[in-house]
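A.B. asks: quick one: sequence and predicted model below, then my questions.
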Amino acid sequence: MRIDIWSDVVCPWCYIGVSRFERALVLFDGEVTIRLHPFQLDPDAPIPGIPARERYAAKFGAEAPAILERVTREAASEGLTFDFDRALTANTFDAHRAMAYAREYGLDRDLEKQLFRAYFTDGLDVSDHGVLADAGARLGLDRAELAAYLESDRGVDEVRRELVDGFERGITAVPSFVFEDEFLVPGAIDTASFVRVLEQMRAVR
């Protein structure tokens, strides 16, 4: 079964949704092929990053603290730690380039998990090439090679094309999970619901 996932590493519901989806895969006994696709939740976010609370306040005004508190509680219910007092909201274009690089080694999903944690828990700037190279190195990728890739223009056009392709396919919010190129599941549904979708899709194939 093919599953395409659009997400962004600074998207709180993406971290929650992908974590729930990963748990569903453990409970599902079928075979799946997964492809990650880039999406920029905040394409105008700066480089280097700025305090996340500042960015949220600019976007949501007085509602920002309540929004962050709600999503932090939801994350905690999934065993995830969100620390918005440390988080630095930054442009994620190069993070998507790094994941495209990692895909060649079958490590893009692992790198995404590293970058979710880097942003939401560790307060690291995911636009920083050093942060991205360190995350890749922890997975066994050649740090110097990944750093050189990020300093070049390799992968830039490919990521731009994928971003456009997502919009052309109607992906306007994340996370978005597309099963067998035909059934869209938007948002961070619960693990049990993901399992039901997986089983239903298998039944109709």
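C.D. replies: Thanks, I have it.
A.B. asks: helices of this structure, start to end?
C.D. replies: Shown for the chain, the helices assigned by DSSP state H span residues 12-27, 52-60, 64-77, 93-103, 108-120, 129-138, 143-151, 156-168, 191-204.
A.B. asks: got the contact list for the closest residue to residue 190 other than its chain neighbours?
C.D. replies: In space, not counting the residues next to it along the chain, residue 190 is nearest to residue 20; the distance is 6.1 Å by CB to CB, 6 or more residues apart in numbering. C-beta here means a position set from N, CA and C on the backbone, and glycine is covered the same way. Counting by CB atoms under 8 Å, 6 or more residues apart in numbering, residue 20 makes contact with 78, 188-191, 194.
A.B. asks: quick one: which of those residues is most hemmed in?
C.D. replies: Per-residue neighbour counts (other CB atoms under 10 Å) across the contacts of residue 20 peak at residue 188, which has 25 neighbours.
A.B. asks: for that residue, which non-adjacent residue is spatially closest?
C.D. replies: Residue nearest to residue 188 in three dimensions, not counting chain neighbours: residue 17, with 3.2 Å by CB to CB, 6+ apart.
A.B. asks: sorry, back to before: let's have the contacts of residue 20 in TSV, adding pLDDT.
C.D. replies: Shown next, in TSV, are these (pLDDT from 0 to 100):
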residue	pLDDT
78	96
188	96
189	97
190	97
191	97
194	97
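A.B. asks: got CSV for these, with distance to residue 49 too?
C.D. replies: As requested, those are exported to CSV (distance: CB to CB, whole Å):
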residue, distance to residue 49
78, 24
188, 23
189, 29
190, 31
191, 31
194, 31
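A.B. asks: so which of the residues you listed is the closest to residue 39?
C.D. replies: The shortest gap between residue 39 and any of these belongs to residue 188, at 14.1 Å (CB to CB).
A.B. asks: tally of neighbours for residue 69?
C.D. replies: For residue 69, the tally of surrounding residues (other CB under 10 Å) stands at 12.
A.B. asks: mind listing what it touches?
C.D. replies: Contacts were defined as CB under 8 Å, 6+ apart; by that measure residue 69 touches no other residue.
A.B. asks: same question for residue 155.
C.D. replies: Residues in contact with residue 155 (CB under 8 Å, 6+ apart) are 97, 100-101, 149.
A.B. asks: dump those to a markdown table, plus pLDDT and distance to residue 45.
C.D. replies: Rendered in a markdown table, the data for those read as follows (pLDDT from 0 to 100; distance: CB to CB, whole Å):
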| residue | pLDDT | distance to residue 45 |
| --- | --- | --- |
| 97 | 98 | 15 |
| 100 | 98 | 19 |
| 101 | 98 | 21 |
| 149 | 98 | 21 |
